[in-house]
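> Provided below for reference: sequence and predicted model.
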Amino acid sequence: MAVSRIFLVTGFEPFRGERINPSWEIALRMDGDEIGPLRVKAVKIPVKCATAVRRINAAIVRYRPRAILGLGQAGGRTAISIEKVAINLADERSSADESFGARSSAVIAGAPEAYFARIPLAALLREMRKREIPAQISLSAGIYACNALMFASLHLTRRRQSVPVGFIHLPYATSQSAKHPNAPSMTLEVMETAVRALSATIARSIS
Ligand code: PCA
């Protein structure tokens with residue numbers, strides 16, 4: 001079967017008592033958009049490593065996407081974080097738990113230890129700089145549901161290397177920051193502009 005023209009954009013449900021997760025708010029706003037020759041399909045993912053892996057697997061089988069961009073929240077980060085590495089480690093306990101990471105299991109048993117994102121990192125950073133949106137490359141997506149989703153996306157498409165796969169962590173939205181007055185935040189509108197521009201650059205990178 002031919003690879004479809006779907007650009008799969010995923011976002012997570014709210015977690016840790018937040019009312020929204022900007023990752024899903026933005027994915028939803030993009031649902032159905034045309035990006036070059038591709039059409040966005042937004043898929044909502046529960047915040048649980050094992051469930052995230054099952055959901056992304058089902059979405060990849062169903063849509064056979066031409067590109068995949070996962071979005072998630074990393075409250076406390078100062079900028080749009082373009083993740084470079086996904087590792088085969090998962091811990092279902094909250095990262096707020098002090099023993100987080102002490103005991104962990106594989107995201108996918110028997111899979112390699114890590115994958116690198118398959119998106120044009122330098123071009124993506126340039127795009128953010130051009131638009132004066134703070135962005136950085138991140139070398140760790142953590143070991144919670146976001147890393148699990150990124151790892152699974154890369155592993156499950158490893159035989160389709162021409163399919164770009166990446167993950168972006170977003171800071172707190174300004175509307176969330178009333179509860180986190182000392183944490184940096186960004187408006188949803190700026191984050192949406194950033195994700196749309198990043199998605200367009202990823203779509204353009206497809207040969
Ligand atoms: N952020 C968490 C899980 C869901 C989300 O949006 C993470 O960084 O793993």
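Yep, it's here.

> for the longest helix along the chain, buried residues please.
Counting residues, the longest helix found in the chain (DSSP state H) is helix 188-204. Neighbour-count burial for helix 188-204 flags 188, 190-192, 194-203 (criterion: 16 or more other CB atoms under 10 Å). (C-beta placed from N, C-alpha, C; glycine too.)

> can you tell me which of those is nearest G110?
The nearest member of the buried residues of helix 188-204 to G110, counting by CB to CB, is I202 at 28.8 Å.

> report the mean confidence score over the longest helix of the chain.
Averaged over helix 188-204, pLDDT sits at 98.

> interface residues of the chain facing the ligand?
F12, F15, N21, S23, V47, G72, Q73, A74, G142, Y144, A145, C146 (CB under 6 Å from any ligand atom).

> so of these, which ones are in strands?
Residues of the residues of the chain next to the ligand located in strands (DSSP state E): F12, G72, Q73.

> ok, and the most crowded of those?
Most neighbours among these, by other CB atoms under 10 Å: G72, with 29 neighbours.

> so where's the protein shaky on pLDDT?
Along the chain, the parts satisfying pLDDT under 70 run over 1-3, 94-96.

> can you give me the strands in it?
6-12, 34-35, 38-45, 67-73, 80-83, 85-87, 114-116, 135-138, 165-170, 172-173, 185-186.

> please name whichever of those strands is nearest to A59.
strand 38-45 (4.9 Å).

> direction included, what does the closest one pair up with?
Here strand 38-45 is paired, per DSSP bridges, with strand 6-12 (parallel), strand 34-35 (antiparallel).

> convert it to CSV, retaining C-alpha atoms only.
C-alpha atoms of strand 38-45 as CSV (Å, rounded to 0.1, in the frame of the first residue of the first chain):
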residue,chain,number,x,y,z
LEU,A,38,-0.1,16.9,3.1
ARG,A,39,-3.2,17.0,5.3
VAL,A,40,-3.0,17.2,9.1
LYS,A,41,-4.7,14.5,11.1
ALA,A,42,-4.7,15.4,14.9
VAL,A,43,-4.7,12.5,17.3
LYS,A,44,-5.1,12.9,21.1
ILE,A,45,-3.0,10.7,23.3
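
> buried stuff in that strand?
L38, V40, K41, A42, V43, I45.

> ok, and what's touching it?
5-13, 24, 27-28, 30-34, 51-52, 55-56, 59, 63, 65-67, 145, 149, 199, 203 (CB atoms under 8 Å, 6 or more residues apart in numbering).

> just the buried subset of those residues, please.
In these, the ones that pass as buried (16+ other CB under 10 Å) are 5-12, 24, 27, 30, 33, 52, 55-56, 59, 63, 65-67, 145, 149, 199, 203.
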